[in-house]
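Engineer: Structure of the sequence below:
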Amino acid sequence: MATTLVSLEDYLKLSSKPNREYVHGVLKERSMPDWDHAAWQSALVQWFGLYEKDWGIRVFPELRVRVEIGQFRIPDVAIVSRLAPRERYLTNPPLAVFEILSADDSMSGLFEKLEAYDAMGIPAIWVIDPRKALYSRYAAGKLVETSVFELPGTNFSAPMSDIAALVE
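Structural biologist: A predicted model of the protein is given here:
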């Protein structure tokens with residue numbers, strides 16, 4: 001099957017739902033979110049939203065991130081410094097991104113996305129598997145299970161169980 005290439009200008013004008021990612025001219029379908037996915041996305045936005053002013057952050061669901069020229073990804077949730085410039089889409093690395101697994105996510109697609117985040121220099125890359133209640137941080141090409149959210153370069157940490165409590 002032939003792939004139709006889309007110009008960057010046309011991609012940035014798209015308003016399709018669900019949002020699609022853009023990788024060097026190719027539109028990438030995102031997994032369809034389900035109840036567990038949506039509940040976790042809501043919980044992350046609510047929990048980090050409580051601390052936006054105190055911690056100098058902003059929390060965004062599904063904000064486009066230009067991880068490199070010609071490649072846009074859409075993390076489920078992004079945490080951005082309040083000092084970061086306001087942009088139509090992010091071109092500077094967010095402080096953290098979260099990917100919440102849906103039942104139809106592929107590991108190869110997930111790792112492709114995580115590698116792109118890492119290459120951009122995002123310090124905290126998280127993957128949440130809501131069906132297995134697993135929380136992992138991506139580092140050095142691997143997913144490492146952990147139960148505490150930490151933001152590298154800061155003293156900030158929080159038990160993932162605090163966020164999970166908003167899902168139940």
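
Engineer: how close does the most centrally placed residue in the chain get to residue 160?
Structural biologist: With the centre of the chain defined as its mean C-alpha position, the nearest residue by Cα atoms, centre = their mean is residue 75, 2.5 Å away. Distance, residue 75 to residue 160, using Cβ to Cβ, to the nearest Å: 17 Å. Just so you know, the C-beta spots here come from the backbone N, C-alpha and C atoms, and that holds for glycine as well.

Engineer: Which parts of this protein are helices?
Structural biologist: Ranges of helices in the chain, per DSSP state H, are 8-13, 35-49, 52-55, 107-120, 160-164.

Engineer: what's in contact with the shortest one?
Structural biologist: It refers to helix 52-55. With Cβ atoms under 8 Å, 6 or more residues apart in numbering as the contact definition, helix 52-55 has outside contacts at 58, 59, 82, 156.

Engineer: For the third one, which non-adjacent residue is spatially closest?
Structural biologist: When the adjacent residues along the chain are set aside, residue 82 lies closest to residue 56, with 4.5 Å between them (Cβ to Cβ, 6 or more residues apart in numbering).

Engineer: shouldn't the one you found be in contact with residue 83?
Structural biologist: Yes: counting by Cβ atoms under 8 Å, residue 83 is a contact partner of residue 56 at 6.9 Å.

Engineer: contacting residues around the least confident helix or strand in the chain by mean pLDDT?
Structural biologist: The helix or strand with the lowest mean pLDDT-type score in the chain, counting by mean pLDDT, DSSP states H and E, is helix 8-13 (a mean of 74). Residues external to helix 8-13 that are found in contact with it (Cβ under 8 Å, 6+ apart): 20, 22, 25, 27, 70, 72, 89.

Engineer: So for it, what gets flagged as buried?
Structural biologist: For helix 8-13, a neighbour-count test (16 or more other Cβ atoms under 10 Å) marks residue 11 as buried.

Engineer: just stretch 100-111 next, same as before
Structural biologist: In terms of neighbour count (16+ other Cβ under 10 Å), stretch 100-111 has its buried residues at 100, 101, 102, 105, 110.

Engineer: Now render these as CSV, adding pLDDT.
Structural biologist: As requested, the buried residues of stretch 100-111 are arranged in CSV below (pLDDT from 0 to 100):
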residue, pLDDT
100, 95
101, 92
102, 87
105, 80
110, 92
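
Engineer: returning to that earlier point: most widely separated two among the contacts of helix 8-13?
Structural biologist: Farthest apart among these by Cβ to Cβ are 25 and 89. That separation is 17.0 Å.
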